[in-house]
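Colleague: need coordinates for the below:
(one chain, ligands or ions: 2)
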Amino acid sequence: MTAATDSWAAQIRQGDVRAISRALTAIENGDVLARPLLQQLFSATGRAWKIGMTGAAGTGKSTLANCLAARYRALQKSVGIIAVDPSSPFTGGAILGDRIRMQDHATDGGVFIRSMASRGAWGGLAQSAADAALLLDAAGKEIILLETVGVGQDEVEVVRVADCTLVVVTPGAGDEVQSLKAGLMEIANIFVLNKSDYPEADALEQQLQSVLQLAPARDGRNPQIVRTVATEKKGVDQLVQAVEEFRVSRSTAGKLSREVAYWKHWLLRTAQQRVVDDLLIGEEKTLQRAAETIAVRTKDPYVAADELFESIHIPRKVNPQ
Ligand SMILES: Nc1nc2c(ncn2[C@@H]2O[C@H](COP(=O)(O)OP(=O)(O)O)[C@@H](O)[C@H]2O)c(=O)[nH]1
Ligand SMILES: [Mg+2]
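Modeller: Ligands and ions are numbered 1, 2, ... in the order given. Here you go, the predicted model:
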């Protein structure tokens with residue numbers, strides 16, 4: 001720990017906007033100071049309620065995030081928003097749109113908004129978003145909204161850190177129920193049927209209901225469906241209410257076991273990354289030689305892999321099948 005991160009961390013804990021901004025930039029850029037800073041702040045985290053929002057592009061997530069932030073502000077809660085957009089590697093149209101939509105809060109010190117775009121590997125972006133959430137948590141934000149585009153494995157990675165995940169769907173997209181089968185059911189705690197001003201909203205709600213009836217209820221309850229019209233701020237109170245009911249239904253023990261599952265996953269990923277780094281950086285020559293012995297059929301790949309692991313001091317503990 002350095003004196004520089006000492007005072008920086010103190011400023012962040014006081015909610016200093018410039019200090020928070022600088023830290024988020026450090027996280028995004030993989031700056032060497034990001035890690036000691038997060039280490040210093042870690043004991044002050046674990047208090048925020050993190051709401052993940054995912055769904056296809058254009059379903060109204062940013063508009064909804066804006067409405068939710070306003071509603072939570074009215075309830076005297078401080079709010080942080082992290083909008084993750086993997087489809088826009090540079091500061092593109094989507095993020096600019098987010099900025100414009102979210103400018104309602106630009107002058108409100110209670111809401112902190114940050115867009116993060118894809119840089120490098122996906123694991124990197126999901127990790128940056130998780131670190132950003134930790135930072136805002138340490139800064140005293142009580143509600144953190146994590147918005148991400150899409151419903152694939154990568155987006156699941158982003159919302160994994162959330163305490164409650166909203167899956168935003170809209171009528172008329174055609175493949176709605178299809179995409180539900182592709183893993184959405186496991187991550188949705190609440191379905192938000194946005195754009196329910198469209199005439200096809202009833203049909204979509206019925207489809208959703210029937211899919212939910214077939215799915216086994218988790219924790220003894222099925223996810224609620226909440227209808228909203230984000231552009232008219234309709235249904236937002238009901239959505240906040242549904243999030244609150246979900247929070248209450250989750251016991252403190254439930255939140256803890258979810259955290260344990262998250263950190264277990266985090267540790268595994270980190271260990272995985274370290275092994276790869278060790279091999280690529282520390283043992284590149286050994287890796288190269290091992291590959292050559294396989295290519296010329298001096299050794300089979302299974303033996304070569306075992307020897308490689310032995311060489312970085314990780315002897316095989318699991319018996320191969
Ligand atoms: N008709 C209608 N349009 C909406 C609604 N919510 C958002 N939109 C519009 O849908 C477009 C995409 O919204 P945006 O919040 O950027 O979606 P995101 O990509 O999911 O963040 C914008 O033009 C919004 O004005 C809604 O409830 N009804
Ligand atoms: Mg958006």
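
Colleague: contacts, neighbours, all on C-alpha from now
Modeller: Noted.

Colleague: pull the residues that contact stretch 287-301.
Modeller: By CA atoms under 8 Å, 6 or more residues apart in numbering, the list of residues contacting stretch 287-301 from outside reads 279, 280, 304, 305, 308.

Colleague: buried sites along it?
Modeller: 287, 290, 291, 294 (16 or more other CA atoms under 10 Å).

Colleague: in those, which has the lowest confidence score?
Modeller: Note: of the buried residues of stretch 287-301, the lowest pLDDT belongs to residue 287, at 91.

Colleague: can you tell me the SS state at that one?
Modeller: The three-state label given to residue 287 by DSSP: H, G, I helix; E, B strand; the rest coil is helix.

Colleague: against ligand 1, how distant is it?
Modeller: Distance from residue 287 to ligand 1, counting by CA to the nearest ligand atom, to the nearest Å: 44 Å.

Colleague: okay, and which of the buried residues of stretch 287-301 map to helices?
Modeller: 287, 290, 291, 294 (DSSP state H).

Colleague: could I get those residues as CSV with distance to residue 247?
Modeller: Below are those laid out as CSV (distance: CA to CA, whole Å):
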residue, distance to residue 247
287, 49
290, 52
291, 51
294, 54
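
Colleague: hmm, back to that, of the contacts of stretch 287-301, buried ones?
Modeller: 279, 304, 305, 308.

Colleague: where in the chain is the helix or strand with the lowest mean pLDDT?
Modeller: helix 93-101 (a mean of 48; mean pLDDT, DSSP states H and E).

Colleague: right, and the helix or strand after that one?
Modeller: For helix 93-101, the following helix or strand on the C-terminal side (DSSP states H and E) is strand 111-117.

Colleague: now the phi/psi pair for residue 141, please.
Modeller: With angles defined as degrees, to the nearest 10, residue 141 sits at phi -70, psi 130.

Colleague: next to ligand 1 in this structure, residues from the stretch 101-250 of the chain, please.
Modeller: 194, 195, 197, 229, 230, 231 (CA under 6 Å from any ligand atom).

Colleague: dump those to CSV, plus pLDDT and distance to residue 211.
Modeller: Below are these laid out as CSV (pLDDT from 0 to 100; distance: CA to CA, whole Å):
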residue, pLDDT, distance to residue 211
194, 96, 18
195, 96, 20
197, 96, 22
229, 98, 23
230, 96, 24
231, 96, 27
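
Colleague: any idea which of those has the most stuff around it?
Modeller: Neighbours here mean other CA atoms under 10 Å. Within those, the largest count is held by residue 194, at 25 neighbours.

Colleague: residue contacts, that residue?
Modeller: The contact partners of residue 194, taken as CA under 8 Å, 6+ apart, are 59, 60, 168, 169, 170, 171, 227, 228, 229, 230.

Colleague: which of those sit farthest apart?
Modeller: Farthest apart among these by CA to CA are 171 and 230. That separation is 13.7 Å.
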